[in-house]
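> Need a 3D model of the sequence below.
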Amino acid sequence: MPKKPEKSKTSPFDSTRFLLLMLFVLVMFISWSIFFAPQKVTSVPVNIVPEKPVVTVEVKNPVPQLKSPTASASAITAQSYYAIDVKTGTQLLAKREEEPQLPASTTKMATALVAMSYYKPDDVLTVGQITTGGHKMGLVYGEQISVKDLLYGLLVFSGNDAAEVLAQNYPGGRGGFVAAMNNLVKKLRLASTHFTNPAGFDEYLHFSSSLDLVTIAMYGMDNPLFAQIVGTKNYRITSADGKIMHRVENTNRLIDKMPGILGVKTGWTENSGQDLVTLYERDEHRVMLAVLGSTDRFGETQTLLNWIFDNYEWR
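Numbers count the residues shown, from 1 in each chain. Coordinates of the predicted model:
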């Protein structure tokens, strides 16, 4: 019988050689992976400080502070004055600021605000019988004129006749208008103010204070039309039919004389003396100042404003 093929036998030597071969291959693969294979590089920022979380900080307006605690304003003839920093409401100067005084034509700031709260600028009013005296823009009986033009005549030229026309055409007439002025006083919580006429004539129970007038002026300057008018130097007014013309010039001499003056209103009677409410801007800071009962309202206003910016620093 033919012999069966013998099964091959693996010698121990062959097994050892196979293991050594596999070990050699493994070592070569690892070496290639380390030294020759492309490496994935992770970019690492150099000298980068980790970002801090964003923190929202409320930026507050700098507060005016006296450079010297012993500083005081120069001698001023005004019976009363009051000044504040507009942005922060900080009091800068004060003299008998809450004491009632005769406001004269600074009254017309309240007159304008009442008129603006009721009329539209394009409304046309008819001039009635005007018996008032004093400073007038020259309105003619029967003349038709816009409310906007009357406001320019009122605040720029300080026309008593403009005040009376605005009051006469108001619901309830002049009496209703004055009542509305005193409602404005209540709205603004003015402790030392009461009005009896729209023009500012000296009358019993017609009074205000420098503090209250600053408050009225601040309220008025929030109205863009009011702010525009009180800073106007010259203005030409024409009746609705174009037949009558009035040229008005601002009674506030400081508008041209002192850069930074933005308004607001003059006033004068023999009994009240010289009054002036002023908004002044310098170095991005605004100051509102009221001077009442002065013998030189323009000069003393300049003196006080310059003193404020010489002696206060905003920080």
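
> for the protein, what spans make up the strands?
Here the chain has its strands, by DSSP state E, at 64-66, 80-85, 91-95, 124-126, 144-146, 234-238, 245-249, 261-269, 273-282, 285-294, 312-314.

> Switch the ones you listed over to a markdown table; also include mean neighbour count.
(Each C-beta comes from the backbone N, C-alpha and C, glycine too.) Shown next, in a markdown table, are the strands of the chain (neighbours: other CB atoms under 10 Å):
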| stretch | mean neighbour count |
| --- | --- |
| strand 64-66 | 15 |
| strand 80-85 | 24 |
| strand 91-95 | 18 |
| strand 124-126 | 17 |
| strand 144-146 | 19 |
| strand 234-238 | 15 |
| strand 245-249 | 15 |
| strand 261-269 | 23 |
| strand 273-282 | 24 |
| strand 285-294 | 25 |
| strand 312-314 | 16 |
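
> which one of the ones you listed lies closest to Thr111?
strand 261-269 (10.2 Å; CB to CB).

> same for the closest one, what does it pack against?
Here strand 261-269 touches helix 108-118, helix 210-221, helix 224-230, helix 254-257, strand 273-282, going by 3 or more CB pairs under 8 Å, 6 or more residues apart in numbering; DSSP states H and E.

> ok, 6 Å please
For strand 261-269, the packing partners by 3 or more CB pairs under 6 Å, 6 or more residues apart in numbering; DSSP states H and E come out as strand 273-282.

> Show me the shaky parts of the chain.
Scanning the chain for pLDDT under 70 picks out the ranges 1-59, 70-71.

> ok, back up a step: could the strands of the chain be laid out in CSV, adding distance to Leu211?
Formatted as CSV, the strands of the chain follow (distance: least, CB to CB, whole Å):
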stretch, distance to Leu211
strand 64-66, 17
strand 80-85, 5
strand 91-95, 8
strand 124-126, 33
strand 144-146, 34
strand 234-238, 30
strand 245-249, 29
strand 261-269, 15
strand 273-282, 11
strand 285-294, 8
strand 312-314, 19
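
> of the ones you listed, which approaches Met181 most closely?
Of all the strands of the chain, it is strand 261-269 that lies closest to Met181, at 14.7 Å by CB to CB.

> Pull up the pairing partners for that closest one, direction included.
strand 273-282 (antiparallel) (DSSP bridges).

> what angle sits between the partner strand and strand 80-85?
Here strand 273-282 points in a direction 10 degrees away from that of strand 80-85 (axes from the mean of the first three to the mean of the last three CA atoms, to 10 degrees).

> for strand 273-282, the distance to its chain's centre please.
Its chain's C-alpha centre and that of strand 273-282 lie 16 Å apart, by CA atoms, centre = their mean, to the nearest Å.
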